[in-house]
Every structure is written in structure tokens, then in C-alpha cells.
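In: Below is the sequence, then the predicted model.
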Amino acid sequence: NSRGTVSLLKDSISFTDVSASGLFEGHDLLRRGFTSVKNELLPSHPLELTEKNFQLNQDKTNFARLRNIQGIHAPLKLQMEFRAVKQVQRLPFLHSSNMAMDILRGNDECIGFEDILNDPSQSEVMGEPHMMMEHKLGLL
């Protein structure tokens, strides 16, 4: 049934994947390394998931401890303050240290890995402000 095979191929491959820029130019081999389906499905190390969810697990533990000590109002108030602090941000082309979140979590006096070797997505390279704002607002 060649007609069914053609329709499956037609449905699975879109024209945007095979565009003029090419399917092969989308992946930056020097920055991201070789692609592997196994790496996309499974973590590369058993502790990787634990490290990714470390802050979430620590927050859950702190909220549970706070609830047991002070009652339900304390973690609810703290979660409300976390949400309010997350909404306040700088413009997308300016680096934001998010100091208020560090103060709420008690990390303001600690020096960690991210203080010295920061996240590459928060690099000091500044983009064009107008383009970045239009992208954030969904105009592009």
C-alpha cells in the first residue's frame, strides 16, 4: 500500500523542517554536542533529575516543616510572596539577579556555583532591546 506510506510521510514531515535554512543547520554541534535520542529520553546520570529538582524539593521540605511548626498560614504566605517576587522582573535585555527571591529563600548570604559560574542563558551579551521586547510581547 504505497498510498498509505506516502500519506504517512506527508503527515510526519512538514515544510518548515525542510526549509531553505535546512534541517542540518538548526543544531549547533559545537555548543550542544551530538544529538542522541537516548539523551533526550533518559537523564545521562542518575543524579541529574535530583539536581534539576533540588530547589523544588528543598522548598517542599521547608514548606512542610513550616506548616508543622507554625500552621497552614505560614507556607501560604511565603508562597504568595514567592509568586509576587517572580512577577517583578527587569526588561528582557537586562540581567536580573532576582535578589528578592534569594532573600526569601535565605540564600542572600551564601555563595554558590551560580554566583561564580553563572547560567549561560544569563550571559552579559546584550541584545537589541527593541527586538527582545517585541519577542517577549509576542509581536514577532
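Out: Nice, I can see it.
In: Report the residue spans of this protein with pLDDT below the cut-off.
Out: 1-29, 31, 38-39, 43, 118-126 (pLDDT under 70).
In: what do you get if the cut-off is 50, keeping everything else the same?
Out: 1-21 (pLDDT under 50).
In: Helices of that one, residue ranges please.
Out: 2-12, 29-32, 37-41, 48-52, 54-70, 73-87, 99-105, 113-116, 129-137 (DSSP state H).
In: Would you mind giving the ones you listed as CSV with distance to Phe93 and mean neighbour count added?
Out: Yep, even glycine has a C-beta here, placed from its N, CA and C like the rest. Below are the helices of the chain laid out as CSV (distance: least, Cβ to Cβ, whole Å; neighbours: other Cβ atoms under 10 Å):
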stretch, distance to Phe93, mean neighbour count
helix 2-12, 38, 9
helix 29-32, 21, 7
helix 37-41, 30, 8
helix 48-52, 27, 11
helix 54-70, 25, 12
helix 73-87, 18, 13
helix 99-105, 19, 15
helix 113-116, 20, 9
helix 129-137, 5, 12
